[in-house]
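Visitor: Sequence and predicted structure, then a few things I'm wondering about:
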Amino acid sequence: MQFSSKKKTLSIKKLFIILIALFLISTLPSFSLFFTSQEEYELGKEAAKEYEQKYGLCESPSLKRQLNSVSKELTKVAPNTKEVNYIFKVSCDEEPNAVSFPGGFIYITSGLYKIPDFDDNQLACILGHEMMHIIKRHSMKRLERDLGVNIIIQLALGKKENIKKLTSLSKDLLILKYSREQELEADRGGMLLAYKAGYNPAGLIIFFQTLMKLEKSNSPHASYIIANHPHLETRIEKAKEVLAEIQKDSLH
């Protein structure tokens, strides 16, 4: 009976550890249970390498010049430039999109520059959006949340030999889509970064409105936009609220 009681107490402790760890993963944006900053960087570097191998890099001097000019202003006002060395590149993907990976790797697709009337204000908001995904650790949070239950259970049971096998899946999990809440958080933060850098935050609204027009047209990008830029109406509505806040604060 005494042995059974100890075993029961140990099981309760393990369960408590699991619950606490899952709470920290899901609620604290900067909390990392499994990855050091260096490991996070290496993870993003490997994902960026695979992305470049798939799409290649666009070497257009004019596109690179525009990207470098806008990104330079954004990094001046970004809150985490001491921890993150941002790297901005243009990929040869013809679809209108932007992607980011942990550690500061950000890509703008060549297809994005083909959006009608695409300008620096829109680019600044989009880059700011991707920077916020990195600042808020959205990819890592999803990765940790998805792997977390399994890893924590293995830790609690003392089966550390299985952890390496589980974390090896991380590169595949980086392609998971962001949640709606994460996209809205990145939209808001991106607009604020663009504004602080001297750009018009309404650029994000204009960009979304253009995507909606393309989505409803016979554009060859319509299906891609629907799949990769969901909730556009909601995001436009929320972005207008953020713009109103910025305009109100600028009057004081």
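Guide: That came through fine. Residues are numbered from 1 along each chain as shown.

Visitor: contact partners of the host helix or strand of residue 75?
Guide: Taking DSSP states H and E as the definition, residue 75 sits inside helix 61-77. Contacts of helix 61-77 with the rest of the structure, by CB atoms under 8 Å, 6 or more residues apart in numbering, involve 58, 81, 86, 88-90, 106, 108, 110, 113, 120, 123-124, 127-128, 131, 193-194, 196-199. C-beta here means a position set from N, CA and C on the backbone, and glycine is covered the same way.

Visitor: swap the cut-off to 7 Å and go again
Guide: Applying CB atoms under 7 Å, 6 or more residues apart in numbering, the set of residues contacting helix 61-77 from outside is 81, 86, 88, 90, 108, 110, 113, 120, 123-124, 127-128, 131, 193, 196-198.

Visitor: which among these end up buried?
Guide: The neighbour-count criterion (16 or more other CB atoms under 10 Å) marks 86, 88, 90, 108, 110, 113, 120, 123-124, 127-128, 131, 193, 196-197 among the contacts of helix 61-77 as buried.

Visitor: Farthest-apart pair in those residues, please.
Guide: With CB to CB as the measure, no two of the buried ones among the contacts of helix 61-77 lie farther apart than 110 and 196, at 27.3 Å.

Visitor: Could you pull up phi and psi at the nearest residue to residue 97 once chain neighbours are set aside?
Guide: Setting aside the residues directly before and after it, residue 97 is nearest to residue 109 in space (CB to CB, 6 or more residues apart in numbering), at 4.9 Å. For residue 109, the backbone dihedrals are phi -80, psi 150 (criterion: degrees, to the nearest 10).

Visitor: Now do the helix holding residue 75, average pLDDT.
Guide: The average pLDDT for helix 61-77 rounds to 96.

Visitor: Strands of the stretch 101-250 of the chain, start to end?
Guide: Along the stretch 101-250 of the chain, counting by DSSP state E, counting those that start in this stretch, strands occupy 105-109.

Visitor: Show me where it dips below the pLDDT cut-off.
Guide: Screening the stretch 101-250 of the chain residue by residue with the criterion pLDDT under 70, one finds the ranges 146-176.

Visitor: Could I get the full set of helices for it?
Guide: Counting by DSSP state H, counting those that start in this stretch, the stretch 101-250 of the chain forms helices over residues 120-135, 138-156, 163-167, 170-173, 180-196, 203-216, 222-228, 232-250, given from the N-terminal end onward.

Visitor: Verify the stated contact: the residue nearest to residue 97 with residue 89.
Guide: No: here residue 109 does not reach residue 89: they are 10.3 Å apart, not a contact under CB atoms under 7 Å.

Visitor: Mind checking which of those two has more residues around it?
Guide: Legend: neighbour count by other CB atoms under 10 Å for residue 109 and residue 89, higher for residue 109 (19 against 16).

Visitor: how much space between that one and residue 78?
Guide: Residue 109 is 21 Å from residue 78, where distance means CB to CB, to the nearest Å.

Visitor: Okay, the closest residue to residue 130 other than its chain neighbours and residue 83: tell me how far apart.
Guide: Leaving aside its sequence neighbours, residue 130 sits nearest to residue 100 (CB to CB, 6+ apart; 3.9 Å). Shown here: residue 100 relative to residue 83, a distance of 15 Å by CB to CB.

Visitor: Of these two, which one has the most company?
Guide: Neighbour tally, residue 100 and residue 83, criterion other CB under 10 Å: the higher count belongs to residue 100, 25 against 13.

Visitor: May I have the phi/psi pair for that one?
Guide: phi -140, psi 150.

Visitor: got it, and residue 89?
Guide: Dihedral pair for residue 89: phi -140, psi 160, per degrees, to the nearest 10.

Visitor: All set, thanks.
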